[in-house]
Structure formats: C-alpha cells, structure tokens
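Peer 1: Any chance you can model this:
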Amino acid sequence: MDSSEIIIEDRRSLLTWLLTLGATCMIGLSGILPLLIIPPEMGLRLRENSETGGGTLRLLLGFAVGGLLGDVFLHLLPESVEILKNTGGYTDDESALRASGIWTLVGLFTFVLVELLFAAHQRLQEEYELGEDKKDDDHAIHSNGKVDVYGNNVNKNNSRLNGNGSVPSNKTRPRNDSSDLIHVSGYLNLIANSIDNFSHGLAVAGSFLAGIRVGLITTFAILLHEIPHEVGDFAILLKSGFSRWQAARAQLSTAAVGVFGAIAALSVERVESLGSCTSWILPFTAGGFINIALIGVLPELLKERNPGESLKQFVCVFLGVALMAALQLLMH
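Peer 2: Predicted coordinates:
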C-alpha cells in the first residue's frame, strides 16, 4: 500500500469516527426532546401527581408500558435471536431462542434483585433518619446556659432560657420530604436505558463501518424508534420523583453510555469479535424493560378506580404497542 492509499484510508477512518460519534450524539439528544413536548407547568403537576397532572401522568405511563412491551417483543427479542445466530455461536433457531430466553430471564431477575437492594437501602436510610430525629428531640442544655432544641415544631436556637425555662423563638426544623425521594423504578429505568444505548452505539458504529449509506439508514431507524420511547421514559422518571431538568440530565447521562458503545465498536479490530462478546445485551435489556413495565409502572395504572380513566390508559398502552409495531414495519 503506497502513501496515497494510506492517506485515503486514514481519511475514511476519520470520517467514520466523526459520522459515528455525531450520529450517536444525535440519538442521545433525543432523550431531552420531551422537554419541548411537556411544558414546565405540566411537568410540575406530573411530578406532584396533582389531580390534573396525575391523570395525564397515568396516560403517559400507559403509553410507556405499551412502548416498552412493544419494544421488547417486536424489536429486542427478534433482533437478539438473529444476533445470537450470527455472532453468538448458535447455529439453529431453537438454540438461539433458548439462549435469548435465558438471557431475558437473567435480565428480569437481575433488575428484581437490584430493586430489592435499592428498597432495603432506602428502608435502612429512613430508619437511620428516624433514629436521628428521635435523638434530636431531646434538649441539650450547655454549661453556658444556652439550649439546642430540636423537635417537630422547633429548630436549633442558641438563645438563653427564659425564667420559665421556655425558648423565646422557635422555627420549624426542616425534615426530608417524602416527595423528594426518588422511587427505585426511575433508577432501574436509567440502568436499562444505559445498556440499551450502549447497544445503539454498537449498532451505529458497526453500520458506519459497513458504509456511510448503511450508517445513515441505521441512525434514522434508531431515531424513529427512540423518540416515542424517550417520551415514555421521561414520564417514568417524572413519576419516580425526578424534576424535568433532573430527568433531562439523567437522560443525557445514559446517552453518554451510547457514545462509549460506539467508541468500543470502532476501537476493536474486528466487529464480529465484539458482536460475539455483546450478543447477550439485547435479551438482557429486554428482561429489564419487562420488569420496569410490568412490575414498576403497570401497578400504578391498576390503582385507577375510574372506569373511564382506565379505558383511556388501556388505549394509551395499545397506542404504545401499535406505534412500535408500525415503526418496525417501516424499518423493515
């Protein structure tokens, strides 16, 4: 290979890197599109679960459930079987299906275990804070005649005692509001999205290595698939206690994992070798999404007592599945 061929090859390599990273970042930025769709006042009502916001939130959650289940059964699992057959070392459909099912169960129960660990940690933290509050309820009188008073209705007050032993002025001691706690389903959703975005980075990089046209088509297909998906994810984060900007920052952090996936695919000498090592990612992610949809989000919809609202939520679930089905037909 002469010097001119080396220069052309280097330019192609640089162009592949630039296009891959640019496309991956574009896909990642789709995670903040809900900021443009959901206005600030609606986001606040959704987070506070007010009467109007709560109804809208449940409709969005219904759409999220449908989108997640449609993504799992119409996209992730069929594609995982193909990847396992092509790069995972499985020669027939039956063995590939079995491997996909095993990894889906592994993903499902891994997310159940993570949820149990989160819940146990949160319970221990609440017990510790209750113990600290009980200690603070005691009055600590210092040798200089000052008193530190804590309680449900008083705050620290370094003033001298009056003759009757009372404190001249009291302020409410701030306590942790339960509404500020982030529900575990929000964190589980971020973990699953991070793994999913890593697989997107792999797919985008692999497609651009195959050719610019293939890369652009793949990027467009993933964008079509991700935009409605991100709206549902945003609703799950709001339901879990995130503010609009906290949810947007969290979505961007998961997008960074997609960039790492793209860099990993571009850095290996043979994409096939990377595929054989990562063929488990899609079914594992599918198991996580099943957990989030059926264990984390669906119980919230089942609390609805109004038949009319329940029907609306079911329609939103159906719309989520139908949209994913339509996108799959469009992409294929």
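Peer 1: So which residues of this structure form strands?
Peer 2: Listed in chain order, the strands of the chain (DSSP state E) span 140-141, 147-148.
Peer 1: Quick check: Pro283 vs Pro78, distance?
Peer 2: Between Pro283 and Pro78 the computed distance is 11 Å (Cβ to Cβ, to the nearest Å). The way it works is simple: take the backbone N, C-alpha and C, and place the C-beta from them, glycine included.
Peer 1: Could you do Leu237 as well?
Peer 2: On the measure of Cβ to Cβ, Leu237 and Pro78 end up 27 Å apart.
Peer 1: the more surrounded of those two?
Peer 2: Taking other Cβ atoms under 10 Å, Leu237 and Pro78 do not tie; Leu237 has more neighbours (27 against 15).
Peer 1: can I assume the more buried one is in contact with Ala247?
Peer 2: Yes. Leu237 lies in contact with Ala247 (Cβ atoms under 8 Å); the separation is 3.9 Å.
Peer 1: remind me which residues of this structure are low pLDDT?
Peer 2: Scanning the chain for pLDDT under 70 picks out the ranges 1-12, 39-54, 88, 132-182, 269-277, 332.
Peer 1: for it, which residue is closest to the average position?
Peer 2: Leu190 (2.4 Å; Cα atoms, centre = their mean).
Peer 1: OK, contacts around that residue?
Peer 2: By Cβ atoms under 8 Å, 6 or more residues apart in numbering, the contact set of Leu190 is Leu237, Ala250, Ser253, Thr254.
Peer 1: what about the helices in the stretch 101-250 of the chain?
Peer 2: Counting by DSSP state H, counting those that start in this stretch, the stretch 101-250 of the chain has helices at residues 184-210, 212-239, 244-267.
Peer 1: Now find how far off-centre stretch 292-300 is within its chain.
Peer 2: Its chain's average C-alpha position is 14 Å from that of stretch 292-300, according to Cα atoms, centre = their mean, to the nearest Å.
Peer 1: end to end, how far does it reach?
Peer 2: Separation of the first and last residues of stretch 292-300 by Cα to Cα, to the nearest Å is 12 Å.
Peer 1: Let me see the residues that make contact with that stretch.
Peer 2: Stretch 292-300 has contacts (Cβ under 8 Å, 6+ apart) with 58, 61, 64-65, 68-69, 72, 111-112, 115, 184-185, 188-189, 192, 236, 239.
Peer 1: in it, what counts as buried?
Peer 2: Ile292, Ala293, Gly296, Val297, Leu298, Glu300 (16 or more other Cβ atoms under 10 Å).
Peer 1: where does Asp92 fall, phi/psi-wise?
Peer 2: Asp92 has phi and psi values of phi -130, psi 160 when expressed as degrees, to the nearest 10.
Peer 1: For it, which non-adjacent residue is spatially closest?
Peer 2: Lys85 (7.8 Å; Cβ to Cβ, 6 or more residues apart in numbering).
Peer 1: Let me see the contact set for the one you found.
Peer 2: Residues near Lys85 by Cβ under 8 Å, 6+ apart: Thr91, Asp92, Asp93, Ala96.
Peer 1: related to what we said a few turns ago, state the distance from the residue nearest to the centre of the chain to Leu330.
Peer 2: Relative to Leu330, and taking Cβ to Cβ, Leu190 is found at 28 Å.
Peer 1: do Gly186 as well
Peer 2: Where Leu330 is concerned, Gly186 sits at a distance of 30 Å (Cβ to Cβ).
Peer 1: Pick out whichever of the two has more residues nearby.
Peer 2: Gly186 (22 against 10).
Peer 1: how much space between Gly89 and Asn189?
Peer 2: As judged by Cβ to Cβ, Gly89 and Asn189 stand 31 Å apart.
Peer 1: more neighbours, the two?
Peer 2: Neighbour totals were compared for Gly89 and Asn189, and Asn189 leads with 32 against 12 (other Cβ under 10 Å).
Peer 1: Now do that one against Gln246, distance only.
Peer 2: Asn189 sits 13 Å away from Gln246, going by Cβ to Cβ.
Peer 1: likewise Glu79?
Peer 2: When Glu79 is compared with Gln246 (using Cβ to Cβ), they lie 31 Å apart.
Peer 1: now swap in Leu130 and tell me
Peer 2: Counting by Cβ to Cβ - Leu130 and Gln246 are separated by 26 Å.
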